[in-house]
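>>> Mind looking at a prediction? Sequence and model below.
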Amino acid sequence: MNTTTNREWWKEAAVYQIYPRSFADSDGDGVGDLRGIVDRVDYLERLGVDVVWVCPVYDSPNADMGYDIRDYRTIMDEMGTMADWDELLAELHDRDMRLLMDLVVNHTSDEHEWFQESRDPDGGKDEWYIWREGSPEEPPNNWISLFGGPAWTYDEAREAWYLHLFDEKQPDLNWENPDVRDAIYDMMNFWLEKGIDGFRMDAISCISKPPGLPDADTGEDWFDMDLYFNGPRIHEFMREMAAETFENYDVMLIGETPGADPEEAKKYYEDGVDMVVHFDHMDVTYGPGGKWSPDYVGMETLASAGDDELDAMLNTMDLADLQAAIRYWDEGVGDEWNCLYMGSHDQTRAVSRFGDDRQYRRESAKLVATFLLSQRATPFLYQGDELGMTNADWDSADDIRDVEARGQVEMLMADHDVPYETIAPFVRNRSRDNARTPMQWDDGENAGFTDGDPWIQVNDNYPEINAAEALDDSDSIYHYYRRLLAFRRESDVLVYGDTEYVLPDETYPNVWAHRRTLDGESVLVVLNWQGEERTLDTDWVDAPVLFGNYAASERDGATLRPYEARILDRSE
Ligand code: TEU
């Protein structure tokens with residue numbers, strides 16, 4: 001199906017995600033801030049991204065680093081002021097770039113005044129959160145939090161349980177209550193009126209809960225969270241939200257929708273959402289048992305194997321599974337649209353996860369870039385991935401800042417009765433903190449991120465991996481992203497072309513290939529997804545190379561170099 005008829009600016013755009021705490025600190029308090037972003041807008045413009053999504057900067061006690069909002073209309077002290085926010089918006093608009101806010105409305109902080117009033121029997125907001133009375137010994141149902149542990153906490157003040165799908169400091173709002181919905185829409189309009197260009201709607205698929213909150217199905221080593229997502233009133237709420245808020249503005253809407261499949265995604269599109277964020281291609285890198293289960297490797301191996309061996313064991317991705325996930329969404333949404341990311345603030349570093357962050361860091365980071373920017377989907381770049389920033393070595397449990405990782409690490413240590421050192425390689429492989437180490441700007445103290453004490457440890461490799469070095473080196477990952485973004489912008493076939501999935505197959509299990517075709521134009525993207533050369537028994541690669549991560553002089557006909565990426569011209 002030729003989709004050029006559905007041209008949209010946001011299909012052609014590239015989005016850059018900023019995790020503001022870790023981007024750039026302008027005032028030396030160790031925490032990144034809005035002025036730090038303002039100072040780096042030129043860097044973003046030069047890279048060639050069109051949209052900037054900034055993770056939450058609202059007032060927050062930071063139990064979940066800003067995803068626990070205490071006041072939606074105030075900027076967190078550490079991040080600066082509303083004037084700084086306005087300046088950021090103006091600086092971006094001056095450069096024809098757009099700004100997306102992170103909208104967290106499934107829950108607030110327990111320190112939000114709404115929750116304080118709700119827990120107070122005389123507060124007048126009884127029904128603003130999800131409360132259940134009952135014995136303090138027994139939670140109302142068997143739900144567990146997405147961060148581990150029970151999804152209910154007993155509140156002594158109100159003498160009742162409240163639901164939290166995430167941390168206990170993130171109570172879920174009661175969307176059944178029209179007053180809650182009105183208050184949220186009001187707040188959204190406050191930001192839309194300020195002139196922002198859209199929202200990235202956090203965990204939006206969680207807002208409608210099943211009536212009666214029944215127990216989830218569970219077995220010895222599994223727990224079905226389906227009940228948490230895409231509840232019975234979700235699309236009614238979304239349509240109401242659209243009518244009350246974003247439909248009245250020309251904005252871009254991204255829904256983070258855990259638990260949605262492409263059929264469900266289409267319903268969000270009907271509601272007015274432009275793209276949904278899915279997770280299937282991320283899940284393919286976990287072993288059996290999911291993200292936080294290292295059992296398939298075993299504690300003894302974790303404690304004794306070398307780094308390279310462990311990386312290979314922990315990263316179990318089968319390229320065919322990656323293809324299945326991409327294809328499922330591409331074909332599943334039909335004429336509609338996807339976004340795609342290879343890293344985010346919730347994921348580990350793209351090059352560590354999908355490439356080789358040791359021997360072939362540069363080549364494999366460029367391969368991942370080629371993969372990301374050649375799909376039929378709006379690409380989302382995560383800060384630092386354009387530098388090939390890697391996962392970090394976390395020396396002790398005390399260095400962990402992320403609420404999810406902290407909880408899971410404690411459980412692993414207790415369940416297996418092992419010291420932190422045993423699971424350290426696993427934490428390097430799984431923790432969200434890997435994406436949250438400070439942006440590496442230069443080889444100066446604290447990687448040029450701050451003059452103070454950074455809130456989270458800086459990755460040791462900053463003397464070699466940093467933006468100053470990358471900007472100076474025309475062969476850097478940064479410049480590769482920059483050139484590829486420019487190439488994509490000029491290429492209708494890369495943006496709008498149909499996709500045909502060609503490899504991997506049994507003969508070439510580690511070679512990816514897909515074809516994009518549009519109006520007689522055709523490109524073939526070939527990616528040698530391994531640290532070894534591979535000769536293809538075919539003449540496909542014998543075509544003009546439009547783009548590649550090895551210089552023409554290094555290319556070798558039908559033999560692909562380690563992690564070589566080529567975009568070939570196959571037009572008739
Ligand atoms: O994430 C929602 C979500 O689905 C997470 O459970 C995600 O799968 C997990 O982080 C993977 O480890 C959003 C935000 O992106 C995340 O940073 C927040 O912690 C979460 O909501 C709660 O607001």
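The structure has been received and is ready for your questions. Residues are numbered from 1 along each chain as shown.
>>> What residues does this structure have near the ligand?
Counting by C-beta under 6 Å from any ligand atom, the positions of the chain adjacent to the ligand are 64, 67, 104, 146, 166, 202-203, 256, 258, 345-346, 404, 432. In this view, the C-beta of every residue, glycine as well, is placed from N, C-alpha and C.
>>> most surrounded residue in the residues you listed?
The most neighbours of any of the residues of the chain next to the ligand, using other C-beta atoms under 10 Å, belong to residue 104, which has 27 neighbours.
>>> about what we covered before: I'd like the residues of the chain next to the ligand as a markdown table, with secondary structure and pLDDT appended.
Listed next are those as a markdown table, based on DSSP: H, G, I helix; E, B strand; the rest coil; pLDDT from 0 to 100:
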| residue | secondary structure | pLDDT |
| --- | --- | --- |
| 64 | coil | 96 |
| 67 | coil | 97 |
| 104 | strand | 98 |
| 146 | coil | 94 |
| 166 | coil | 97 |
| 202 | strand | 98 |
| 203 | coil | 98 |
| 256 | strand | 97 |
| 258 | coil | 96 |
| 345 | coil | 97 |
| 346 | coil | 96 |
| 404 | helix | 94 |
| 432 | helix | 97 |
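>>> Closest to residue 478 out of the residues you listed?
Nearest to residue 478, judged by C-beta to C-beta, of those is residue 345 at 19.8 Å.
>>> For that closest one, which non-adjacent residue is closest in space?
Sequence neighbours aside, residue 19 is the residue nearest to residue 345 in space, at 4.4 Å (criterion: C-beta to C-beta, 6 or more residues apart in numbering).
>>> ok, that neighbour - contacts?
Taking C-beta atoms under 8 Å, 6 or more residues apart in numbering, we find residue 19 in contact with 32, 55, 345, 382, 383, 435, 436.
>>> Show me the shaky parts of this structure.
Scanning the chain with the threshold set as pLDDT under 70 gives 1-5.
>>> Go ahead and name everything in contact with the longest helix belonging to it.
Longest among the helix segments of the chain by residue count, using DSSP state H, is helix 178-193. Here helix 178-193 makes contact (C-beta under 8 Å, 6+ apart) with 72-73, 101, 103, 105, 114, 127-128, 173-175, 199, 237, 240-241, 244-246, 248-249, 251.
>>> So which of the residues you listed belong to strands?
Those of the contacts of helix 178-193 mapping onto strands are 72, 73, 101, 103, 199, per DSSP state E.
>>> So what's the residue count around the residue nearest to residue 84 when sequence neighbours are not counted?
In space, and not counting its chain neighbours, residue 84 is closest to residue 34: 3.9 Å by C-beta to C-beta, 6+ apart. Residue 34: 26 surrounding residues under other C-beta under 10 Å.
>>> Against residue 543, how distant is residue 34?
Relative to residue 543, residue 34 is positioned 47 Å away (C-beta to C-beta, to the nearest Å).
>>> what's the answer for residue 41, then?
In terms of C-beta to C-beta, residue 41 sits 39 Å off from residue 543.
>>> For the residue in the stretch 301-450 of the chain positioned nearest to the ligand, which non-adjacent residue is closest in space?
Closest approach between the stretch 301-450 of the chain and the ligand, counting by C-beta to the nearest ligand atom: residue 346, at 3.6 Å. Closest residue in space to residue 346, ignoring its immediate chain neighbours: residue 432 at 5.4 Å, by C-beta to C-beta, 6+ apart.
>>> cool, and residue 365?
Nearest residue to residue 365, sequence neighbours excluded (C-beta to C-beta, 6+ apart): residue 388, at 3.7 Å.
>>> same deal with residue 436?
residue 22 (5.1 Å).
>>> Spit out the contact partners of that neighbour.
Here residue 22 is in contact with 32, 383, 436, 437, 438, 439, 449, 456 (C-beta under 8 Å, 6+ apart).
>>> Just to be sure, residue 502 is in a strand?
Yes. Counting by DSSP: H, G, I helix; E, B strand; the rest coil, residue 502 falls inside a strand.
>>> That one and residue 514 touch, don't they?
Yes. In this structure, residue 502 is within contact of residue 514 by C-beta atoms under 8 Å, at 5.8 Å.
>>> any shared contact partners between the two?
residue 524.
>>> Have a look at those two and say which one is more surrounded.
Shown here are residue 502 and residue 514; by other C-beta under 10 Å, residue 514 has more neighbours (23 against 17).
>>> Quick one: residues contacting that one.
Contact analysis of residue 514 by C-beta under 8 Å, 6+ apart lists 374, 375, 499, 500, 501, 502, 524, 525.
>>> tell me which element it falls in.
Taking DSSP states H and E as the criterion, residue 514 maps to strand 511-518.
>>> so what strands line up beside that strand?
Strand 511-518 sits in its sheet next to strand 498-503 (antiparallel), strand 521-528 (antiparallel), going by DSSP bridges.
>>> if you go through the stretch 201-350 of the chain in chain order, where are the strands?
218-219, 222-223, 252-256, 275-277, 339-341 (DSSP state E, counting those that start in this stretch).
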